[in-house]
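1. Sequence and predicted structure below; questions after.
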Amino acid sequence: MMKNKTAMTGGEAIAYALKQIDPEVFAMYPITPQTPIIETFSKYEANGLVNTEIIRVESEHSALSAAIGASAAGSRAVTATASQGLLYMFEVLGIASGLRLPIVMPVANRAISAPINIHCDHSDSMSAIDQGWMQVYCQNAQEAYDMTLFSLRLAESVYLPIMVCIDGFFTSHNLENLETYEDNLVKEFIGEFNPKYNLLDTDTPITIGALALQDSYFEIRKEMFDAFLDVKENYLKISKEFKKIFDKEINFYEDYYAKESKTVLITLSSTAESSKDVIDKLRLENKSVGLLRPILYRPFLYEEYSKALENAENIIVLERSEGPGSFSPIYKDILLTAYNNLKHKPKIFSYVFGLGGREITQKDIEDLLVSVINNKPKKERYIGIKE
Amino acid sequence: MNIKELAKRINNKDLMVSGHRTCSGCPIGIISRTVASASDNPVVVSSATSCAEVTTTIYPQTSWNMPWIHSAFANSAATISGIEKAYLALKKKGKITKEINFLVIAGDGGSFDIGLSASSGALERGHDFVYLCYTNEGYQNTGAQRSSATPKGATTTTTPAGINSYGKIEYSKDLTQIAIAHNIPYVAQVNPYNQIDMYNKAKKAFEKKGPAVLIAYAACPTNMKADPSQTIAISKLATESNFWPLYEYEDGKLTINYKPKNRIPIEEFLRTQTKFKDVLKEKNKEVLRSIQEDIDNKWKRLLRQEELSK
């Protein structure tokens, strides 16, 4: 298969995937660090490389609302956001999923106010994990490209919207090697979108978004909840097609020596990618250590995760978001995995790092892993905070 | 077209059917049916959260004989933007061939207040759609709270009368003039008492290429505490008193469609509604005078606008 080797930032890689998808509608509103996506796409449009109708809206609330209208009209609709923009959309997030509209939305993860900060953490998308959206987290530009293509199919297979998350700046703005696929192969993979119902079929008018009261609301919401139960099967099916066409595996998570290791680090996105060097170094020192990097985070496939944690005695969950008054989200999901799906009782540690783009070094990660391996775990739960 | 022919056309199209739960005397049905019937093409509706929305689509029933979507309170214009652009894109691809018109139906809360930036954005972007706002002068669906469309002197549940209060102290926002400021092809004030005028304006609105705005006076007998049989009579007084002038702004030209020979004092209009009971008290006569003055000033300004655009 022809693969074209090039270099792009994560934001450009997503824009390139969207160009190849050529959605009918792209509703866009600027916010750092998502802007490379909409700027790159706007250039494609300005040069006649896409057929997309761009709507340059006046807010993120309207961006997602326009995507909702476009999707309900039977077209492929996308938007992109970050941080405050995602929070500004919050009301409509649940409407997109409640109306079962397969909207694809890249998110360049960024801290949330206050205080205002434009740099990377995961507090934005993590605050939206219960709004009925699927979420995938990408480690680099290549995965951002692949997962944008993949997510479109996944969303359309279960009629649920999806966020494709990349690390703000670290991935959105950094130039990386990228392999892209031929346009015709992408077309073959994504196929046509012909939803069961659409608003433009004026011969059979439908009412979308009716008022559902005590007698029906619960069941209608449950249909949306149940759609998440179909994700696993569809993910596997679409992965097979992806593999066949692009010769690449798309997994639920990346198991980097996790299954065979006694100490397992769990972390997301670009930090996980950089942690692999640390894992390699420690393994050369004969340490039994591995990395488990979630890709599909919503739905969270508890049973699947337990397979990679069978031998783990220590699990270190290192997250770029906090749960004020509670704990960080992935930590809680891993606790549930351990409680329900693991026969043994591993120690599970929760650490929070990197809020507002605070740097974490490979040395920091190494020190953390070594402290746990040596049974002298660092004090929970903040890494890299000034005392 | 006379009123009988119009009635026939509306009934034949039957785009919004009976059985909905609007209150006695509510004009939402008249307004929606009349406006939608004025389109020669099929119509797709985006509705804001509002009285019209909650009373017409109680699952599993619907009153709408045309494709209809409700998303949220503030975003009906953003939603129609997406629908209209999807239509253009699918048309370009040959997936759809017929002509379709697009209509927003929203109340004053969804138009004057929470949805203003979304509708302003949609007007500025020039989508080809009609924005219909029916103003019943407050959040009637949630129990008659104040909106920026509530007129001065009206009592609402959040601006109640009391020892220190006669009701709302601010004048209402002039959304019609705000719409005109967007320099769009068509803006009009309509009133269901003059159904033919409303229909003709809706027809123009649909026929214009680009955005058009219709703002309809919608008396709410329930919350103005008026006799439900008097909706149309009260509506007529709104125009006869110059409280709700019938005028249109078409391709840069403003025309007042009806000039009352002897405009009636605002008191006569306010007296039909219990919500103005306190402002009509002797002790508030200065407030009443200011309301009359405001109406007369706005009328003079309209006359000047008409003169200037000749």
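-> Thanks, I have it. Residues are numbered from 1 along each chain as shown, chains lettered A, B, ... in the order given.
2. Am I right that residue A:372 sits in a helix?
-> Yes - secondary structure of residue A:372 (DSSP: H, G, I helix; E, B strand; the rest coil): part of a helix.
3. residues contacting it?
-> When contacts are counted by C-beta atoms under 8 Å, 6 or more residues apart in numbering or on different chains, residue A:372 touches A:263, A:314, A:316, A:347, A:349, A:378. (Each C-beta comes from the backbone N, C-alpha and C, glycine too.)
4. SS state for the fifth one?
-> Three-state call for residue A:349 (three-state DSSP): strand.
5. is it true that it touches residue A:375?
-> No - in this structure, residue A:349 is not within contact of residue A:375 by C-beta atoms under 8 Å, at 11.8 Å.
6. So those two - more neighbours on which side?
-> Between residue A:349 and residue A:375, residue A:349 has the larger neighbour count (other C-beta atoms under 10 Å in any protein chain shown), namely 22 against 8.
7. where exactly do the helices run in chain B?
-> Here chain B has its helices, by DSSP state H, at B:3-13, B:28-37, B:51-56, B:76-92, B:108, B:116-125, B:175-180, B:195-207, B:221-224, B:231-240, B:266-270, B:285-308.
8. Turn these into CSV, including distance to residue A:203, mean neighbour count and mean pLDDT.
-> Below are the helices of chain B laid out as CSV (distance: least, C-beta to C-beta, whole Å; neighbours: other C-beta atoms under 10 Å in any protein chain shown; pLDDT from 0 to 100):
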stretch, distance to residue A:203, mean neighbour count, mean pLDDT
helix B:3-13, 14, 13, 96
helix B:28-37, 16, 24, 98
helix B:51-56, 21, 24, 97
helix B:76-92, 15, 28, 98
helix B:108, 33, 26, 98
helix B:116-125, 26, 22, 98
helix B:175-180, 33, 20, 98
helix B:195-207, 19, 21, 98
helix B:221-224, 36, 22, 94
helix B:231-240, 34, 20, 98
helix B:266-270, 45, 19, 98
helix B:285-308, 43, 14, 98
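9. Quick check: which of the ones you listed is nearest to residue A:277?
-> Comparing these against residue A:277 with C-beta to C-beta, the closest turns out to be helix B:76-92 (44.1 Å).
10. I'd like to check the angle between that closest one and helix B:116-125, please.
-> Following axes from the mean of the first three to the mean of the last three C-alpha atoms, to 10 degrees, one obtains 30 degrees for the angle between helix B:76-92 and helix B:116-125.
11. Mind exporting the C-alpha coordinates of helix B:76-92 to CSV?
-> This file holds the C-alpha atoms of helix B:76-92, laid out as CSV (Å, rounded to 0.1, in the frame of the first residue of the first chain):
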residue,chain,number,x,y,z
SER,B,76,-32.2,27.8,17.2
ALA,B,77,-30.5,30.1,14.7
ALA,B,78,-27.2,28.2,15.0
THR,B,79,-29.0,25.0,14.4
ILE,B,80,-30.8,26.3,11.3
SER,B,81,-27.3,27.5,10.1
GLY,B,82,-26.1,23.9,10.2
ILE,B,83,-29.2,22.6,8.5
GLU,B,84,-29.1,25.2,5.7
LYS,B,85,-25.4,24.5,5.0
ALA,B,86,-25.9,20.8,5.1
TYR,B,87,-28.7,21.3,2.5
LEU,B,88,-26.4,23.4,0.3
ALA,B,89,-23.6,20.8,0.5
LEU,B,90,-25.9,17.9,-0.2
LYS,B,91,-27.4,19.8,-3.1
LYS,B,92,-23.9,20.4,-4.5
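12. what packs against that helix?
-> Using 3 or more C-beta pairs under 8 Å, 6 or more residues apart in numbering or on different chains; DSSP states H and E, the elements in contact with helix B:76-92 are strand A:25-28, strand A:53-56, helix A:60-72, strand B:43-47, strand B:68-70, strand B:101-107, helix B:116-125.
13. Could you pick out the buried ones from the contacts of residue A:372?
-> With neighbours counted by 16 or more other C-beta atoms under 10 Å in any protein chain shown, the contacts of residue A:372 contain buried members at A:263, A:314, A:316, A:349, A:378.
14. Who does the fourth one form a beta bridge with?
-> Legend: beta-bridge partners of residue A:349 under DSSP bridges are residue A:316.
15. what's it in contact with, if anything?
-> Listed by C-beta under 8 Å, 6+ apart, the contact set of residue A:349 reads A:314-317, A:372, A:377, A:380.
16. out of these, who's nearest residue A:16?
-> The closest of the contacts of residue A:349, once distances to residue A:16 are taken by C-beta to C-beta, is residue A:317, at 32.8 Å.
17. The closest one against residue A:351, yeah?
-> Yes - using C-beta under 8 Å, residue A:317 is in contact with residue A:351, at 7.0 Å.
18. What segments of the stretch 251-387 of chain A are helices?
-> A:269-284, A:302-308, A:329-341, A:362-373 (DSSP state H, counting those that start in this stretch).
19. Counting by contacts, list what the third one packs against.
-> What it means is helix A:329-341. Counting contacts by 3+ C-beta pairs under 8 Å, 6+ apart, helix A:329-341 is packed against helix A:302-308, strand A:314-319, strand A:347-353.
20. Most tightly packed of those?
-> Of those, the one with the most neighbours on average (mean count of other C-beta atoms under 10 Å in any protein chain shown) is strand A:314-319, at a mean of 25.
21. Next secondary structure after the strand or helix carrying residue A:4?
-> If you go by DSSP states H and E, residue A:4 is part of strand A:3-9. Per DSSP H and E, the first helix or strand lying C-terminal to strand A:3-9 is helix A:10-21.
22. Using PDB, write out every CA atom in that following helix.
-> Listed next in PDB are the C-alpha coordinates belonging to helix A:10-21 (Å, rounded to 0.1, in the frame of the first residue of the first chain):
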ATOM      1  CA  GLY A  10      -0.900  17.300  15.200                       C
ATOM      2  CA  GLY A  11      -3.300  20.000  14.400                       C
ATOM      3  CA  GLU A  12      -2.400  19.900  10.700                       C
ATOM      4  CA  ALA A  13      -2.600  16.100  10.700                       C
ATOM      5  CA  ILE A  14      -6.200  16.200  12.000                       C
ATOM      6  CA  ALA A  15      -7.000  18.900   9.400                       C
ATOM      7  CA  TYR A  16      -5.500  16.700   6.700                       C
ATOM      8  CA  ALA A  17      -7.600  13.700   7.800                       C
ATOM      9  CA  LEU A  18     -10.700  16.000   7.800                       C
ATOM     10  CA  LYS A  19      -9.800  17.200   4.300                       C
ATOM     11  CA  GLN A  20      -9.700  13.600   3.100                       C
ATOM     12  CA  ILE A  21     -13.000  12.900   4.900                       C
END
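23. Does that helix pack against any helices or strands, and if so which?
-> Secondary elements touching helix A:10-21 (3+ C-beta pairs under 8 Å, 6+ apart): helix A:35-46, strand A:104-109, helix A:141-158, strand A:162-167, strand A:175-181, helix A:183-190.
24. List, one by one, the residues from the stretch 51-200 of chain A near chain B.
-> Applying C-beta under 8 Å from any C-beta of the partner chain, one finds that the stretch 51-200 of chain A approaches chain B through A:51-53, A:55-59, A:61-63, A:65-75, A:77, A:91-92, A:95, A:99, A:199-200.
25. hang on, the earlier thing: any chance of a markdown table for the helices of the stretch 251-387 of chain A, columns mean pLDDT?
-> Shown next, in a markdown table, are the helices of the stretch 251-387 of chain A (pLDDT from 0 to 100):
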| stretch | mean pLDDT |
| --- | --- |
| helix A:269-284 | 98 |
| helix A:302-308 | 97 |
| helix A:329-341 | 97 |
| helix A:362-373 | 98 |
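26. Format the ones you listed as JSON lines; extra columns: distance to residue B:129.
-> As requested, the helices of the stretch 251-387 of chain A are exported to JSON lines (distance: least, C-beta to C-beta, whole Å):
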{"stretch": "helix A:269-284", "distance to residue B:129": "40"}
{"stretch": "helix A:302-308", "distance to residue B:129": "46"}
{"stretch": "helix A:329-341", "distance to residue B:129": "40"}
{"stretch": "helix A:362-373", "distance to residue B:129": "53"}
